[in-house]
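Chemist: Provided below are the primary sequence and the corresponding predicted coordinates.
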Amino acid sequence: MDWFLIFSRAFEAGIGSEAIIYCLAAIGLNVQFGYTGLLNFGQAAFLAVGAYSIATTVATFGLPFFLGVGIGLVLSVLLALLLGIPTLRLRADYLAIVTIAAAEIVRIIVRSVALKDTFGGTDGLQEFAHSFYALNVFPAGQYSILGGFIGFDHRGMWVLLVGWVLVALVSVILLFAMKSPWGRVLKAIREDEDAVRALGKNVFSYKMQALVIGGVIGAVAGFIFALSRSSAQPDLYSTELTFFAYTVLILGGAARILGPIVGAALFWFLMIFVKTGLEEAINKQVITFLNVNQVGAIQYMIIGLGLILLLIFRPQGIFGDKREIALDAR
Amino acid sequence: MAVLAQQIVNGLVLGALIGLIALGYTMVYGIIQLINFAHGEVFMVGAFGAHFLARYVLPEDVRWYVALPAMCLAAVAVSIGVAVAMERLAYRPLIGAHRLAPLITALGVSILLQEVVRVFYPGATAPLAFPRMFVEGHLAIGPVTILWTGVLALAVAPLLAAALHIYVERSRLGRAMRATAQDPDTARLMGISPNRVTLATFVIGAGLAGVGAVLYGIHYTQIDTAIGFQNGIFAFTAAVLGGIGSIRGAMLGAFCIGLVKSLAGQYVWGGVQYDYVWVFVLLILVLMFRPQGFLGRPEGMRA
């Protein structure tokens, strides 16, 4: 068992692009679920919209990169409106089912054979990240952190810099937004919609704003997802992604600014720790009843189980306040 | 015309199968206002339970009239076992927690079950052939042909739905269910145990899903770990379409979904690849213009 390898891989994942992507996705869900009580089960669709907007604009149509970013932001707003208009006047469960179905449909559309020329079918799209990496401030080479314990190449460093700056920016904006009267209305809606309506607030409009903002943050996560891998593949944007993002959010603590950040780092540390650990154990013949191909599924099983246990025993997560999220007994 | 009639029949068969899942959604929702997202997986494990019995337990040359009931029993037993475990371990501890918490555990249960089957069921990483030990051949009405398995589904599903309807309307437990759905607190004062009623609802829904799983398997002759998720979404849409909480509505909604999927796959641009999309468009339209569904009552749907 090479413990050095296991720990360094796990630490790299904990601060790496995966953590950034899931952190942003979870911040989006935090606005929707944590603060407003909207159950968006289709966050994967917003990431897919972001990723494919850049990929399609640059790789398929040969248009500038920043136009792709703009298109992604606009389309994510439109998607949120499309999902919100029929459902936000109804009970929270309806949004859940419509978003989960919409996420599947977005995935089916981008992977379909009929639109292969535009979206690249199941292979997805590549060759669209040049403009992004052309802006790289790090000269080419390997960078090691903590005395060589973990390391990234110059492209990885650029993704980390841009990604964590975006996370910080979004978090600071939300910190102030949630302390403002506007943020208090969102939290009040989560607790008791009728009371807020009775106070003369337009609940539908506030919910829609939360849905749109969360979706746009999801699209930003999609930008990082596509750019960090220089590729957009349809099957990465399945319901598992949304589910992982919820796990991240609940692990860190919903309705807390630091929740998604700590949740994402810890989640990916544990994910890769388990994965590399199991693979090492299998390769070194410590565990003989599994094979390497089953490791992925075992990971999912552990996470599924972990999330259920978390919700039962510590629904407020690491940072959460039980008064904020758990005591809405009905 | 022949194509149209054939597609209508195919759609009705699919609708009958989806309807058996939709009944489970609509009943659980009616009683405890929970969308049991993992109900599709109950259907999926039922199909694998029946497959296990047919493939590994029953002898090769068993006759279909022995095998079919045996497989139904196996599927129902596995489905009920999983549903009861799910209710006990994942939902009951969350009573009194945030109203949306069970929805997230449901998603967790769903992924957990899919991966458990994928890892531990032999060969489940790829689609599995469902045993074809039954009546081969088909019924021909003019130009339209229906596999006998399809005829069976069209006969059994409405029959079970009708039986369920009568049971809920007439029996003691059914009355307890309706009372709990209407007002859990008052029902408790009348001596009804909501936990028992909830468990019974999960068991009945799982039993129907188990029967549906066998009918699905012998009709489409192939199962994989994703059938629960996909058909679960269709079934939920069907339940909403018909008016969630209504048994007749769930069946009606399921037939509509089957027809839309089958006809859109044939006639609308994009074909079978996008039939899913049209079902979703139908869902959005219903939610916009008639959120209570075809047979639902308007109150209680608004947030």
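Modeler: Alright, I've got the coordinates.

Chemist: please count neighbours and contacts with C-alpha atoms only from this point.
Modeler: Fine.

Chemist: buried sites along whichever helix in chain B runs longest?
Modeler: The longest helix of chain B (DSSP state H) is helix B:2-32. For helix B:2-32, burial by neighbour count (16 or more other CA atoms under 10 Å in any protein chain shown) applies to B:6-32.

Chemist: which of the residues you listed are close to chain A?
Modeler: Among the buried residues of helix B:2-32, no residue is within reach of chain A (CA under 8 Å from any CA of the partner chain).

Chemist: ok, residues contacting the helix or strand containing A:Leu307?
Modeler: According to DSSP states H and E, A:Leu307 maps onto helix A:295-313. For helix A:295-313, the external contacting residues (CA atoms under 8 Å, 6 or more residues apart in numbering or on different chains) are A:247, A:250-251, A:271, A:274-275, A:278-279, A:317, B:90, B:93-94, B:101, B:105, B:108-109, B:111-113, B:115-116, B:118-119.

Chemist: how long is stretch A:311-318 end to end?
Modeler: Terminal residues of stretch A:311-318 lie 12 Å apart, using CA to CA, to the nearest Å.

Chemist: from the chain's centroid, how far away is it?
Modeler: 20 Å (CA atoms, centre = their mean, to the nearest Å).

Chemist: buried residues in it?
Modeler: Buried residues in stretch A:311-318 (16+ other CA under 10 Å): A:Leu311, A:Ile312, A:Arg314, A:Pro315, A:Gln316, A:Gly317, A:Ile318.

Chemist: could you find the closest non-adjacent residue to A:Val106?
Modeler: Using CA to CA, 6 or more residues apart in numbering or on different chains and skipping the chain neighbours, the partner closest in space to A:Val106 is A:Ala45 (6.0 Å).

Chemist: before we move on, what about A:Thr239?
Modeler: Using CA to CA, 6+ apart and skipping residues adjacent in sequence, the residue nearest A:Thr239 is A:Ala44, 6.5 Å away.

Chemist: if I look at that neighbour, how far off is A:Gly215?
Modeler: 10 Å.

Chemist: which of these two has more residues huddled nearby?
Modeler: Neighbours per residue, other CA atoms under 10 Å in any protein chain shown: of A:Ala44 and A:Gly215, the larger number sits with A:Gly215, 35 against 32.

Chemist: what's the first helix or strand after the helix or strand where A:Ile97 lies?
Modeler: Taking DSSP H and E as the definition, one finds A:Ile97 inside helix A:92-111. Scanning forward in sequence from helix A:92-111 by DSSP H and E, the next helix or strand is helix A:116-119.

Chemist: before we move on, back to that, list of residues touching the helix holding A:Ile97?
Modeler: A:37-45, A:48, A:83-84, A:87-88, A:115-116, A:119-124, A:234-235, A:237-239, B:35, B:233, B:236, B:273-274, B:276-277, B:280, B:283-284, B:303.

Chemist: only alpha carbons, please: show it as PDB.
Modeler: The C-alpha atoms that make up helix A:92-111 are tabulated as PDB, following Å, rounded to 0.1, in the frame of the first residue of the first chain:
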ATOM      1  CA  ALA A  92     -42.000  22.100  -4.100                       C
ATOM      2  CA  ASP A  93     -42.100  18.500  -5.300                       C
ATOM      3  CA  TYR A  94     -43.200  19.500  -8.800                       C
ATOM      4  CA  LEU A  95     -40.100  21.500  -9.400                       C
ATOM      5  CA  ALA A  96     -38.100  18.400  -8.400                       C
ATOM      6  CA  ILE A  97     -39.700  16.100 -10.900                       C
ATOM      7  CA  VAL A  98     -39.700  18.600 -13.700                       C
ATOM      8  CA  THR A  99     -36.000  19.400 -13.200                       C
ATOM      9  CA  ILE A 100     -34.900  15.800 -13.000                       C
ATOM     10  CA  ALA A 101     -36.800  15.100 -16.200                       C
ATOM     11  CA  ALA A 102     -35.300  18.200 -17.900                       C
ATOM     12  CA  ALA A 103     -31.800  17.200 -17.000                       C
ATOM     13  CA  GLU A 104     -32.300  13.800 -18.700                       C
ATOM     14  CA  ILE A 105     -33.700  15.600 -21.700                       C
ATOM     15  CA  VAL A 106     -30.800  18.000 -22.100                       C
ATOM     16  CA  ARG A 107     -28.500  15.000 -21.900                       C
ATOM     17  CA  ILE A 108     -30.500  13.100 -24.500                       C
ATOM     18  CA  ILE A 109     -30.500  16.100 -26.800                       C
ATOM     19  CA  VAL A 110     -26.800  16.700 -26.700                       C
ATOM     20  CA  ARG A 111     -25.900  13.100 -27.100                       C
END
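
Chemist: how near is the spatially most distant residue from the centre of chain A to A:Leu278?
Modeler: Going by CA atoms, centre = their mean, the residue of chain A most distant from its centre is A:Gln285, 35.1 Å out. Distance, A:Gln285 to A:Leu278, using CA to CA: 10 Å.

Chemist: for A:Leu311, same thing?
Modeler: Distance of A:Leu311 to A:Leu278, given as CA to CA: 26 Å.

Chemist: quick check: closest non-adjacent residue to residue 145.
Modeler: All of this is about chain A. With sequence-adjacent residues excluded and distances taken as CA to CA, 6+ apart, A:Ile145 is closest to A:Gly151, at 5.7 Å.

Chemist: actually, chain B is the one I wanted.
Modeler: Spatial nearest neighbour of B:Thr145, chain neighbours left out: B:Leu139 (5.6 Å); criterion: CA to CA, 6+ apart.

Chemist: work out for me the element the one you found sits within.
Modeler: Using DSSP H and E, B:Leu139 sits in strand B:138-141.

Chemist: CA atoms only for that strand - export them in CSV, please.
Modeler: Below are the C-alpha coordinates for strand B:138-141, written out as CSV (Å, rounded to 0.1, in the frame of the first residue of the first chain):
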residue,chain,number,x,y,z
HIS,B,138,-48.9,-13.0,-31.2
LEU,B,139,-52.5,-12.1,-31.5
ALA,B,140,-53.4,-10.7,-34.9
ILE,B,141,-56.4,-8.3,-35.3
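
Chemist: and it, what other elements does it pack with?
Modeler: If you count contacts as 3 or more CA pairs under 8 Å, 6 or more residues apart in numbering or on different chains; DSSP states H and E, strand B:138-141 packs onto strand B:144-147, helix B:148-170.

Chemist: what's the offset of the first one from the middle of its chain?
Modeler: Averaging C-alpha coordinates over strand B:144-147 and over its chain gives two centres that are 23 Å apart (CA atoms, centre = their mean).
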